[in-house]
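Asker: dropping a prediction and its sequence here:
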Amino acid sequence: MMNGPLSQSLREKGVGHRVIFGVELPRLQSFSEEIEHSYTLALALWHENIRECRLLATMIMPHDALTADEADTWAEEIKYAEEANCYVYYLVSHLPFASEKVFQWTAHGGDMQQLCGLLLAGRLLADGRQFTARDETELLDQATALLSSERFEVKKAAYNLLLRMADTSLQCARQVDNILKLHQL
């Protein structure tokens with residue numbers, strides 16, 4: 001499965017795992033469907049400093065096995081945007097406490113936790129979940145604040161979340177339009 005050019009490209013872009021095989025996500029996803037989805041295996045894979053192991057761990061962790069505290073620990077251990085994307089898409093967005101993590105991570109986390117929170121909010125909205133008016137206001141505030149992040153991935157995720165939120169209601173669309181004009185985006 002190794003893809004040498006992709007592996008080299010990831011290394012050149014600063015991905016610093018001990019081992020990078022360069023396996024594409026669709027191939028990992030297909031492989032994840034063939035192997036056992038177990039807490040023990042997912043945890044063991046997560047703790048390897050191998051890109052494909054960490055990504056695969058997010059795909060095979062049973063959705064009823066990860067606790068809220070463990071979800072926080074995993075989010076703290078994320079080093080790269082690709083991991084954050086897989087973590088949110090394959091795992092955290094399916095957990096019963098997902099919406100709590102949105103606010104916790106965006107407000108109080110480090111860069112990668114903030115990225116996870118923004119990506120998670122966008123994923124929940126894409127899946128049809130709705131936030132209360134109060135939560136929507138909080139989310140708009142958090143995303144607006146994170147537009148000023150030093151980290152490109154966080155800034156991009158905040159921008160994308162605002163665009164997704166603009167699709168939820170006319171009132172929200174107006175607020176997002178004002179925010180983007182204020183930030184000259």
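Answerer: It's in. Numbering: from 1, shown residues only.
Asker: quick check, pLDDT for Gln8.
Answerer: Looking at Gln8, its pLDDT stands at 79.
Asker: so how many other residues sit close to it?
Answerer: Around Gln8 sit 12 other residues, with neighbours defined as other C-beta atoms under 10 Å. Backbone N, C-alpha and C define where each C-beta goes, glycine included.
Asker: residue contacts, it?
Answerer: Gly22 (C-beta atoms under 8 Å, 6 or more residues apart in numbering).
Asker: tell me how far it lies from Asp64.
Answerer: Noted for Gln8: a distance of 39 Å to Asp64, by C-beta to C-beta, to the nearest Å.
Asker: what does Tyr159 give?
Answerer: Distance from Tyr159 to Asp64, by C-beta to C-beta: 33 Å.
Asker: ok, those two, which is more surrounded?
Answerer: More crowded of Tyr159 and Asp64, by other C-beta under 10 Å: Tyr159, with 19 against 9.
Asker: contacts only, for the more buried one.
Answerer: By C-beta under 8 Å, 6+ apart, the residues touching Tyr159 are 147, 185.
Asker: what pLDDT, on average, does stretch 177-185 get?
Answerer: Mean pLDDT, computed over stretch 177-185, is 91.
Asker: give me the distance from it to the chain's centre.
Answerer: 24 Å (C-alpha atoms, centre = their mean, to the nearest Å).
Asker: list the buried residues of it.
Answerer: Of all the residues in stretch 177-185, those buried under the rule 16 or more other C-beta atoms under 10 Å are 179-180.
Asker: got it, and stretch 36-53?
Answerer: Those would be 42, 45-46, 51-53, for stretch 36-53 by 16+ other C-beta under 10 Å.
Asker: in those, find the pair that's most separated.
Answerer: Largest separation among the buried residues of stretch 36-53 by C-beta to C-beta: Ala42 and Arg51, giving 15.4 Å.
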